[in-house]
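> no sequence for this one, just the structure:
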């Protein structure tokens, strides 16, 4: 089945620094990838949609200059949290979709727990 | 996407069938019903999906009412590892549509 690899699984960084999270589709080409954020005891909140080779589309209220998304190839999307602050500490999850994977809807990565100290 | 409504929480005894309901009264004719689950601190996992016929796979069964306004996910023999939040989502099957999550049902399997 379709596999999405997300790395790192957890990261601790200092306030003011930037953190990059990678999301790779291992056995299929992902024309569309999605990035979510999840706070404790809450549901997943969609942050942005990225399509290979074009700019990401951000959901209302998500700062595009703070959460940089790059989807330069059909198998890799990255989310960079710039100038991270403690309030950015959260669980970040990516998912990938492709028309060829339609039977499963979307495949999710295992998530990245970001802690900003 | 059609809005879905699920109970916030349910308990089920280990070894029994867990029946998770979902209301989707505004679902359109070409929207599928998808079920995902999220085990604590992991990414969501696909379970099953269907359009109007009942579906079964190695994980679960999906029963969709004839009018398609509601459905039930059935885990036939629940185990402790089935403790998770279960999400019911109405979705067009195109692979690039936004997938948005509601609050889901927190299922707790009781030993």
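Great, that's in hand. Values in this document were obtained by computation on a predicted structure and should not be read as measured data.
> from here on, contacts and neighbour counts on C-alpha atoms
Will do.
> can you list the weak-confidence ranges in chain B?
B:1, B:93-96 (pLDDT under 70).
> which residues of it lie near chain A?
Proximity of chain B to chain A, by Cα under 8 Å from any Cα of the partner chain, involves residues B:34, B:41-46, B:48-49, B:93-96, B:98-104.
> go through those residues and flag which are in helices.
Within the residues of chain B next to chain A, no residue falls in helices by DSSP state H.
> narrow these to those in strands?
With DSSP state E as the criterion, strands contain B:34, B:45, B:46, B:48, B:49 from among the residues of chain B next to chain A.
> ok, now which ones touch the nearest residue to the first one once chain neighbours are set aside?
What it means is residue B:34. Counting by Cα to Cα, 6 or more residues apart in numbering or on different chains, residue B:49 is the residue found nearest to residue B:34 once chain neighbours are left out, at 4.3 Å. Contacts for residue B:49 (Cα atoms under 8 Å, 6 or more residues apart in numbering or on different chains) come out as A:104, B:32, B:33, B:34, B:35, B:55, B:62.
> of these, closest to residue A:94?
residue A:104 (15.2 Å; Cα to Cα).
> would you mind pulling the contact partners of stretch A:7-24?
Contacts of stretch A:7-24 (Cα under 8 Å, 6+ apart): A:4-6, A:75-86, A:94-95, A:109-117.
> filter these to the buried ones?
Buried subset of these (neighbour count, 16 or more other Cα atoms under 10 Å in any protein chain shown): A:4-6, A:75-82, A:84-85, A:94-95, A:109-116.
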